[in-house]
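Asks: Following is a predicted model, sequence given first.
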Amino acid sequence: MALELELAFQQLLREAEPIGTERVPVAAASGRVAAETYMCPRPIPSFRRAAMDGYVVWDADVRDASPDRPARLRITGEVRMGEGPAEGPDRGEAWAIPTGGALPRRGDRVIPIEHVRRERDVLVFSGPLPRKPHVAEPGEEALPGAVLVERGEVIRPAAVGALAACGFREIAVYRRPRVALLATGDELVDPTVLPPPGRVVNSNTPTLAAELAAIGCEVYPAGIVPDASAALARAFRTAVEEGYHVVLTTGAVSVGATDRVPRTWLDLGARRIVGRVDLKPGGPFFAGRLGECWGIGLSGNPAACLAAYHLLVRPFLLRLAGHARIVRPVVLARLRNGPTREADRTRALWSRVLGEPPEVEILEGGVLPGMSRANGLVLLRAGTPRLRPGSRVPVLCLDRQEEGPQLRIPPVQPAPLVVGVVGVSGSGKTTVIEGLLRRLWSDGRTVATIKHAAHGFDPDRPASDSHRMARAGARAVLVVGPEERFLRLREEVGTPSVEQLVEELVDATGGLDLVLVEGFRHRDHPVIRVGTPKDPLDGAWLEVPSLSRLPGTRREAVLDDLATRIRAWLRGEGP
């Protein structure tokens, strides 16, 4: 039985631990993962410095200077870069000092050179006194205890400089995983060879080699192994004996007669950690451990191989390498194209993520072009219904840095957004819908309404609710009675579901952002409850007082707030 994707992730990562540490010179630490948290041990710099080119003086000598009574100070010395703090000027004297020079023991401020005039050996200052003393105190660049790099973080070039400035010469880093990479299959040929009929190029190995190198693994391509148990066993045994941390294979991992990778590992004594995963593409999978060596098997199909790599293997390898953050962000993005098919299992669809707030386009036109252009994987859980454009779908962002330790796939938000409005007769349900329609119509939103008319209706009556909704800007109004629908579809309609009615509205209008529903059960949709309900209804999204009892300004404020909340949801910011 296939393992649910998030559960497979948890089982695999629960077993994964960093493979060890080593010490390296700070100058060689860029790109490595810190195995300890490093903090500044002392103030940097440790002495007071001049923040400007100028002159060190006593504040009391220049405080009252003015154009009529300038301060005149004798220049008696200078500060040289690289020298420790000197004695400095006496009262009535000044010393020249460059930016960054050590402030002498005497003198308490620096006057910038552009604020003074020099007459041979006399400094003339006519005010006004600068607001700042232009003296940098110890620790201006780093205070004791300031974090330079945290354990599990990648050490960036700027952090190398900070570590060196704070006096570190060597630091502890996690060892890089050594990965033996091999492909299985009698049908494979090297990428340098033009394949004859019946053979295909081994494209998985160069793809994975590039991916592994990008995350800092030491990669050792081990070639192509035939579909034979003895050949596989020799290759695996050799890799284990040579001390590889991971043996990563592609192909021969499913349930066919020649799919011998899992069985070979088990026969060698490996302990299975994860088997087949509920994922399309990428379901054929194996992860096991033999001593200190991991065996990871991916599908030979390029799309399945790379999907499972991004979702399971990359986070696993990052954990082995000591990274604290191992999962790229999964965001909800607005679906540009579609509709999608219903998902009978968890699906991973190659896609392009664009803009902010994000939108996503599922790539078509072949597997290889889609993979090469993709910067995202749309993830649809098993049981996800057919999704229309405008739905919000979870996307693993392949071009962003890892942000967290767990893979969590949020539920989709099918389009259009359906919001129920309930309340007793006379509470102002139609007023709520009418007010929302006017506000959202002014935003350019496409909104439709559904109203239950249990006792029939007259669609031409000017004062009717449906007439009011249409006048307020609804692109379509679907009113349902026992024998008739307005859009004047005469038929025996029975009791249709909200989903059936929404489908009809979408087909009739060509696409919607929002459907406001009055008078049906709304157990699977957010609900605005107006006034005191006639039936208990748990979990209302929003509750508002009966609008029929509110003064005009208060009623408009309530409607403004409702519209703001729905706008936020339509932007993908959640309920």
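Replies: Received, thanks. In this text the structure is predicted, and so the values were computed from the model without any measurement.
Asks: Does Ala16 touch Leu318 like I think?
Replies: No: contact criterion CB atoms under 8 Å: Ala16 and Leu318 do not qualify, at 9.2 Å. All C-beta spots, glycine's among them, are computed from the backbone N, C-alpha and C.
Asks: of the two, who's got more company?
Replies: The neighbour comparison of Ala16 against Leu318 (other CB atoms under 10 Å) goes to Leu318, with 26 against 18.
Asks: mind checking how far the more buried one is from Gly288?
Replies: 19 Å (CB to CB, to the nearest Å).
Asks: Ser425 too?
Replies: Ser425 is 65 Å from Gly288, by CB to CB.
Asks: of the two, who's got more company?
Replies: Taking neighbours as other CB under 10 Å, Ser425 and Gly288 compare with Gly288 leading, 23 against 7.
Asks: How about that one: what's its closest non-neighbour residue?
Replies: With CB to CB, 6 or more residues apart in numbering as the criterion, Gly288 has its nearest non-adjacent residue at 3.9 Å, and that residue is Ala270.
Asks: ok, the one you found - how many residues close by?
Replies: Ala270 has 21 nearby residues by other CB under 10 Å.
Asks: same deal with Leu514?
Replies: Leu514: 22 neighbours (other CB under 10 Å).
Asks: do the same with Val378
Replies: Val378 has 24 nearby residues by other CB under 10 Å.
Asks: if we can go back for a sec, check the residue nearest to Gly288 and give its pLDDT.
Replies: Listed pLDDT for Ala270 reads 96.
Asks: Tell me which residues touch it, please.
Replies: 288-290, 295 (CB atoms under 8 Å, 6 or more residues apart in numbering).
Asks: Reformat the residues you listed into a markdown table and put secondary structure, distance to Gly101 and pLDDT next to each item.
Replies: Output for the contacts of Ala270, formatted as a markdown table (DSSP: H, G, I helix; E, B strand; the rest coil; distance: CB to CB, whole Å; pLDDT from 0 to 100):
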| residue | secondary structure | distance to Gly101 | pLDDT |
| --- | --- | --- | --- |
| Gly288 | strand | 64 | 97 |
| Arg289 | strand | 60 | 96 |
| Leu290 | strand | 63 | 96 |
| Gly295 | strand | 62 | 97 |
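Asks: wait, what's in contact with the residue lying closest to Leu550 once chain neighbours are set aside?
Replies: Nearest non-adjacent residue to Leu550, counting by CB to CB, 6+ apart: Val558, 6.9 Å away. Counting by CB under 8 Å, 6+ apart, Val558 touches 544-545, 547, 550.
Asks: give me that answer again for 10 Å
Replies: Shown in contact with Val558 (CB atoms under 10 Å, 6 or more residues apart in numbering): 428, 431-432, 435, 530, 542, 544-545, 547, 550.
Asks: Let me have these in a markdown table, extended by pLDDT.
Replies: Formatted as a markdown table, these follow (pLDDT from 0 to 100):
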| residue | pLDDT |
| --- | --- |
| Gly428 | 87 |
| Thr431 | 90 |
| Val432 | 90 |
| Gly435 | 91 |
| Val530 | 88 |
| Leu542 | 83 |
| Val544 | 86 |
| Pro545 | 87 |
| Leu547 | 85 |
| Leu550 | 86 |
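Asks: ok, of those residues, which come out buried?
Replies: 428, 431-432, 435, 530, 542, 544, 547, 550 (16 or more other CB atoms under 10 Å).
Asks: Pick the one among the contacts of Val558 closest to Ala2.
Replies: Leu542 (39.8 Å; CB to CB).
Asks: so where does the residue lying closest to that closest one once chain neighbours are set aside fall, helix or strand?
Replies: Nearest in space to Leu542, with sequence neighbours left out and distances taken as CB to CB, 6+ apart, is Ile528 at 4.9 Å. Using DSSP states H and E, Ile528 sits in strand 527-530.
Asks: isn't Cys217 right next to Leu248, touching?
Replies: Yes: at 9.3 Å, Cys217 counts as touching Leu248 under the criterion of CB atoms under 10 Å.
Asks: shared neighbours, the two?
Replies: With CB under 10 Å, 6+ apart as the test, Cys217 and Leu248 both reach 177, 179, 181, 208-209, 317.
Asks: So which bits of stretch 563-570 are buried?
Replies: Buried-residue list, stretch 563-570, by 16+ other CB under 10 Å: 563, 565-566, 569-570.
Asks: Alpha carbons of that stretch, as CSV, please.
Replies: Extracted in CSV, the C-alpha atoms of stretch 563-570 (Å, rounded to 0.1, in the frame of the first residue of the first chain):
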residue,chain,number,x,y,z
ALA,A,563,-16.3,43.6,1.8
THR,A,564,-12.8,44.1,3.1
ARG,A,565,-12.7,40.6,4.5
ILE,A,566,-13.9,39.0,1.3
ARG,A,567,-11.5,41.0,-0.7
ALA,A,568,-8.6,39.7,1.4
TRP,A,569,-9.9,36.1,0.9
LEU,A,570,-10.1,36.7,-2.9
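Asks: Near Gly423, how many residues? Count them for me, please.
Replies: 24.
Asks: Would you mind putting the contacts of Ala270 into CSV with distance to Gly82 alongside?
Replies: CSV is the format used below for the contacts of Ala270 (distance: CB to CB, whole Å):
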residue, distance to Gly82
Gly288, 60
Arg289, 57
Leu290, 59
Gly295, 58
